[in-house]
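1. Sequence first, then the predicted structure, then my questions.
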Amino acid sequence: MHKRIVVYRPLPEDLLAELRRDFHVDDFGQLEDLDDPAFRAALGEAHGLIGAGRPITAELLDAAPRLETISSVSVGVDAYPVEELTRRGIQLCHTPDVLTETTADTGFLLIMATARRAVELADFVRRGEWQASLGESHFGSDVHGKTLGMVGMGRIGAAIARRGALGFGMKVLYSNASPKPALEEELGARRRELDELLGEADFVCVTVPLSAETERLIGQHELGLMRDSAILINIARGRVVDEAALIEALDAGRIRAAGLDVFEHEPLPADSPLPHMANVVALPHIGSATHETRHAMARRAVDNLRLSLAGERPLSPFNAPVRPRA
Ligand code: NAP
């Protein structure tokens, strides 16, 4: 008998068709309501779950007694109770590497757009206000030759740092759980305590995963250590930055600008001031959102799921379940 899979985020048609050949697939597309009765019923029978972007709780797992594998179409696993999954013998898989370069491109897009005020000035042109050559009040700041401070120097952090050092002649500082000697050698990057980095960097770029340790890692104190000419980029998760403190710092001119792909609450609530602030570039969580990369992520997630449900080692497991189910 075919194993049963529940899909809770849209997958490309070719990959869905592939899954349907080997499994019974309950496809919920972009599932908005985790309490949807049909979803709950399917979960009760499911061996595999594939999707992203919805918080998976222990209570939800109670409703899925046969679950063997969750295959996330994301690299970040903050939406999953990892220890609980491990304890229950459920394999969690994710999609590292295939999205690294695209997400780094988005990080650099935010660096360029904020420094050169690209969105604000494009709006100025669109409103028909460009009627004379511009003066100082519309100037931006250079990116090349500046100091890039990476908060997190993992796969995506390193890819952004590489763009900065090799493409833009930037000096790279980083704060990270472990030292990265190979990147120090390759890019001339220098490791700093977070507080030191914040005081030295022209661009502070956040790429750490969201966890109990990194939640609100950048708060009022940290923003206060940044230069008033510095720009904050967040390409990781919204909750790594204290959003209220950030809005206050931007409003008061204590930092120059922010480039944000991620927010405390997504989609951004209608009453958020962030999209209306001239010194903010706000993107709708598009770090990995290209045709090529989203397909590659879905491909990886499908392959992980298939291997894991066959009792083989998936390509990118996140946990090592204590009691793997065959
Ligand atoms: P990664 O390779 O695991 O890199 C994370 C880095 O953060 C690692 O170098 C790790 O240190 C460091 N780190 C972890 N906890 C830390 C702490 N408490 N203090 C200091 N450093 C810490 O992950 P990645 O592939 O670069 O992805 C990073 C995150 O980006 C993901 O978790 C996800 O949330 C986010 N992301 C966002 C988008 C988007 O669309 N905006 C797309 C993809 C990913 P060690 O090297 O010592 O372990």
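-> Yep, that arrived.
2. Could I get the contacting residues of whatever residue of the stretch 101-250 of the chain ends up closest to the ligand?
-> For the stretch 101-250 of the chain, the residue closest to the ligand is residue 154, as judged by C-beta to the nearest ligand atom, at 1.7 Å. Bear in mind the C-beta positions are built from the backbone N, C-alpha and C, glycine included. Residues in contact with residue 154, defined by C-beta atoms under 8 Å, 6 or more residues apart in numbering, are 176, 207, 208, 209.
3. from memory the second one sits against residue 156, does it?
-> Yes. Shown here, residue 207 and residue 156 form a contact pair, counting by C-beta atoms under 8 Å, at 4.8 Å.
4. what do those two both touch?
-> 107, 235.
5. The nearest residue to residue 58 once chain neighbours are set aside and the ligand, how far apart?
-> Leaving aside its sequence neighbours, residue 58 sits nearest to residue 84 (C-beta to C-beta, 6 or more residues apart in numbering; 5.0 Å). The gap separating residue 84 from the ligand is 19 Å, by C-beta to the nearest ligand atom, to the nearest Å.
6. and residue 84, that's in a helix?
-> Yes. Under DSSP: H, G, I helix; E, B strand; the rest coil, residue 84 sits within a helix.
7. Check which helices and strands the longest helix anywhere in the chain sits against.
-> Longest helix in the chain by number of residues (criterion: DSSP state H): helix 291-309. Contact here means 3 or more C-beta pairs under 8 Å, 6 or more residues apart in numbering; DSSP states H and E; on that basis helix 291-309 packs against helix 13-22, strand 48-51, strand 69-72, strand 91-93.
8. could you redo these as CSV and give each row mean neighbour count and mean pLDDT?
-> Shown next, in CSV, are the helices and strands packed on helix 291-309 (neighbours: other C-beta atoms under 10 Å; pLDDT from 0 to 100):
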stretch, mean neighbour count, mean pLDDT
helix 13-22, 13, 97
strand 48-51, 25, 98
strand 69-72, 28, 98
strand 91-93, 25, 98
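9. closest to the ligand out of these?
-> Of these, nearest to the ligand by C-beta to the nearest ligand atom is strand 69-72, at 10.8 Å.
10. Send over stretch 200-211 as CSV, restricted to the C-alpha atoms.
-> Extracted C-alpha coordinates of stretch 200-211, given in CSV (Å, rounded to 0.1, in the frame of the first residue of the first chain):
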residue,chain,number,x,y,z
GLU,A,200,32.6,49.4,13.4
ALA,A,201,30.4,48.3,10.6
ASP,A,202,28.8,50.5,7.9
PHE,A,203,26.4,47.7,7.0
VAL,A,204,25.3,45.2,9.7
CYS,A,205,23.8,42.2,7.9
VAL,A,206,21.9,39.6,10.0
THR,A,207,22.0,36.0,8.8
VAL,A,208,21.8,33.9,12.0
PRO,A,209,19.0,31.4,12.3
LEU,A,210,16.1,32.2,14.7
SER,A,211,16.5,30.3,17.9
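11. Same question for it: list its buried residues.
-> 200, 201, 202, 203, 204, 205, 206, 207, 208, 209, 210 (16 or more other C-beta atoms under 10 Å).
12. Please state the backbone phi and psi of the fifth one?
-> It refers to residue 204. Here is the backbone geometry of residue 204 (degrees, to the nearest 10): phi -110, psi 120.
13. Bridge partners for it, pull those for me.
-> When assigned by DSSP bridges, residue 204 has beta-bridge partners residue 149, residue 232.
14. Please tell me I have it right and it contacts residue 229.
-> No. With contact defined as C-beta under 8 Å, residue 204 does not reach residue 229; the gap is 11.7 Å.
15. quick revisit: ok, the residue of the stretch 101-250 of the chain closest to the ligand to residue 214 distance?
-> From residue 154 across to residue 214, the span is 12 Å (C-beta to C-beta, to the nearest Å).
16. Quick check: neighbours shared by the two?
-> residue 208.
17. Could you list the low-confidence segments of the protein?
-> 323-326 (pLDDT under 70).
18. Quick check, central residue of it?
-> Nearest to the mean C-alpha position of the chain, counting by C-alpha atoms, centre = their mean, stands residue 236 at 4.0 Å.
19. For burial, what's the neighbour tally of residue 137?
-> 5 (other C-beta atoms under 10 Å).
20. and the residue nearest to residue 262 when sequence neighbours are not counted, what is it in contact with?
-> Distance criterion C-beta to C-beta, 6+ apart; nearest residue to residue 262, sequence neighbours excluded, is residue 238 at 4.4 Å. Neighbour list for residue 238: 260, 262, 263, 264, 265, 266 [criterion: C-beta under 8 Å, 6+ apart].
21. try 7 Å
-> 262, 263, 264, 266 (C-beta atoms under 7 Å, 6 or more residues apart in numbering).
22. what about burial for those, which qualify?
-> 262, 263, 264.
23. how about the helices in the stretch 201-326 of the chain?
-> Here the stretch 201-326 of the chain has its helices, by DSSP state H, counting those that start in this stretch, at 220-225, 243-251, 291-309.
24. Quickly check: the first one near the ligand or not.
-> Which is helix 220-225. No. Looking at helix 220-225 against the ligand by C-beta under 6 Å from any ligand atom, there are no contacts, and the closest approach is 12.5 Å.
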